[in-house]
Structure formats: C-alpha cells, structure tokens
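Visitor: sequence? don't have it. structure:
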C-alpha cells in the first residue's frame with residue numbers, strides 16, 4: 001500500500017494537471033467562438049458560388065466551348081490526389097484518429113488507383129510519412145489561422161497538376177464542424193468540378209460569354225472549397241479539444257476524490273495502529 005506522503009504527492013500532481021486541462025478548455029472555448037464565426041460566415045458565400053455555377057451551367061447548356069474547359073473534363077480515376085486536412089497539435093480526443101480512419105477507408109475504396117496525399121497539418125504529415133505513403137506536399141502551421149492566400153496556393157498546385165494530367169481527380173478529406181459535441185467526416189471531390197444542374201431558368205444578360213465567366217470562376221470555386229475546408233476543420237478541432245479537456249478535468253476530479261478517500265483510510269489505519277500500540281504498552285506496564 002502506498003504511504004501517506006506518496007498519496008498526497010499524487011493528489012497534488014493531479015490537481016496541477018486539472019488546472020492545466022481547465023485552462024486549455026477555456027482557451028479552446030475562446031478560440032472556438034472566433035473560428036466558428038468565420039466558418040459559419042463562409043458558408044453563404046459557398047452557397048452563392050454554387051448557385052452561380054448552376055445558373056451559368058443552365059445558361060451555357062449545349063455550349064461545346066464550356067464542355068471543353070479543362071477543369072470540367074472527367075477522366076478515369078487512375079491517379080488520385082487526396083488532400084487531408086488535420087491539425088498541428090493533438091489533445092483533441094478522436095479528432096485526428098477518426099479522420100485517418102476515414103482516409104484509410106477512402107484508400108481501400110480506391111485500391112486500384114495510384115493515390116498521392118497532400119497533407120495540411122502536422123499530425124497528418126507525421127501519420128502518413130510514418131506509413132510510407134506518397135506525399136506530394138505538406139503545409140504546417142497554417143490551419144490554426146487559415147487565410148485565403150494559403151488556400152489559393154494549394155488550389156493553384158492542385159489545378160496545375162490536374163491540367164497537366166498528373167492526376168485524374170482531386171479529393172479533400174476533413175472534419176466539418178457540426179456542433180460542439182460532434183463533427184461530420186467528409187471526403188468530397190473538388191476536381192474535376194461537377195457543375196450543379198437545375199439552375200434558375202432566368203434570362204440573365206452576361207457581359208462576357210458563360211465560357212469566359214466559368215474559366216475565371218472555376219479556379220475561384222476550388223480556392224473557396226479548400227479555404228472553407230480549413231475553416232471548418234479548425235472549428236471542429238477546437239470543439240473536439242474543448243470537449244476532451246472538459247472530460248479530462250472531470251476525470252481528474254474523480255481521481256482526486258478517490259485518492260483523497262484512500263488517503264483518509266491510510267491515515268485512519270495509521271492512527272488506529274498507534275492507538276493500539278499505546279494501549280498495548282500501557283497494558284504491559
């Protein structure tokens with residue numbers, strides 16, 4: 001049985017750890033609010049962009065020039081580029097582990113294709129590097145404070161590889177923010193762009209032909225999809241980390257309560273033993 005000093009030392013250690021996890025929970029809660037506001041604010045822009053593409057597709061129906069745009073060309077998926085948006089740090093429960101499991105399911109579903117991986121986040125880079133996957137690029141330190149220029153650089157690289165036929169499709173895997181308690185695991189194709197059908201049948205007057213508009217808007221659409229993925233991922237990360245730190249703080253409280261009970265039992269046993277020794281000595285005299 002551990003001594004009274006050992007138990008007190010462990011209680012003190014657990015209390016210090018509890019203070020750390022509580023502080024980390026508060027930090028993640030503050031960061032979550034800002035990240036959540038940015039992610040939610042980006043969603044209407046994405047929806048409008050989606051609607052604009054749909055309307056342009058409806059206006060350009062049957063136009064061969066539009067059908068020949070490079071970013072709309074569909075090929076057999078023999079070479080696939082997968083962008084994995086993870087985090088730079090851990091302590092977020094199953095945030096990264098669930099993402100990597102989904103990535104493995106994606107790899108199993110496309111077993112016949114040659115898959116290369118672009119990692120966003122240190123955890124994803126370390127995970128896939130240790131398992132000897134083909135990594136075409138790594139982006140560290142950008143998910144904590146994502147900006148549009150970083151997303152544009154990644155998008156330009158993916159578009160260039162697709163135009164040169166180095167890859168036949170580009171997918172992105174991420175944790176999409178749902179709420180504080182849970183996130184949605186998403187793996188979606190961003191190249192070739194699937195122009196939505198069923199646009200509004202409105203007689204728009206375009207200053208440029210739909211082909212020219214799509215030629216400009218399609219790269220912007222890819223950039224926005226990657227930027228939104230980064231915003232959604234960091235929001236989901238802070239939510240997961242806040243939940244994990246809250247659980248760790250509660251578990252530390254339970255450990256402290258158990259250790260305190262054990263300490264009282266040890267102390268009571270020591271007191272009882274001393275009383276028995278004193279009584280036994282007095283009786284012997």
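Guide: Perfect, thanks for sending it. Computed from a predicted structure; not experimentally measured.
Visitor: helix, strand, or coil at residue 173?
Guide: strand (DSSP: H, G, I helix; E, B strand; the rest coil).
Visitor: contact partners for it?
Guide: The contact partners of residue 173, taken as C-beta atoms under 8 Å, 6 or more residues apart in numbering, are 82-85, 99, 102-103, 106, 185-187. C-beta coordinates here come from the backbone N, C-alpha and C atoms, glycine included.
Visitor: go on, residue 71?
Guide: Taking C-beta under 8 Å, 6+ apart, one finds 159, 162-163, 191-193, 218-219, 222 in contact with residue 71.
Visitor: among those, name the ones in helices.
Guide: 159, 162-163, 218-219, 222 (DSSP state H).
Visitor: let me know the closest of those to residue 176.
Guide: Nearest to residue 176 among those is residue 222, at 17.4 Å by C-beta to C-beta.
Visitor: number of nearby residues for that closest one?
Guide: 24 (other C-beta atoms under 10 Å).
Visitor: so it touches residue 154, yeah?
Guide: No - taking contacts as C-beta atoms under 8 Å, residue 222 lies outside contact range of residue 154: 9.1 Å.
Visitor: so where's the chain uncertain?
Guide: Scanning the chain for pLDDT under 70 picks out the ranges 1, 57-67, 195-205, 285.
Visitor: where exactly do the strands run in it?
Guide: In the chain, strands defined by DSSP state E lie at 79-85, 114-120, 135-139, 169-177, 183-191, listed in chain order.
Visitor: and the shortest one, which residues are buried?
Guide: Put plainly, it is strand 135-139. Neighbour-count burial for strand 135-139 flags 136-139 (criterion: 16 or more other C-beta atoms under 10 Å).
Visitor: how about the residues you listed in a markdown table, adding distance to residue 228?
Guide: Below are these laid out as a markdown table (distance: C-beta to C-beta, whole Å):
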| residue | distance to residue 228 |
| --- | --- |
| 136 | 21 |
| 137 | 19 |
| 138 | 21 |
| 139 | 16 |
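Visitor: closest to residue 5 out of the residues you listed?
Guide: With C-beta to C-beta as the yardstick, the closest approach to residue 5 among the buried residues of strand 135-139 comes from residue 138, at 48.3 Å.
Visitor: redo the strands of the chain as TSV? Include distance to residue 149.
Guide: Output for the strands of the chain, formatted as TSV (distance: least, C-beta to C-beta, whole Å):
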stretch	distance to residue 149
strand 79-85	17
strand 114-120	14
strand 135-139	12
strand 169-177	18
strand 183-191	18
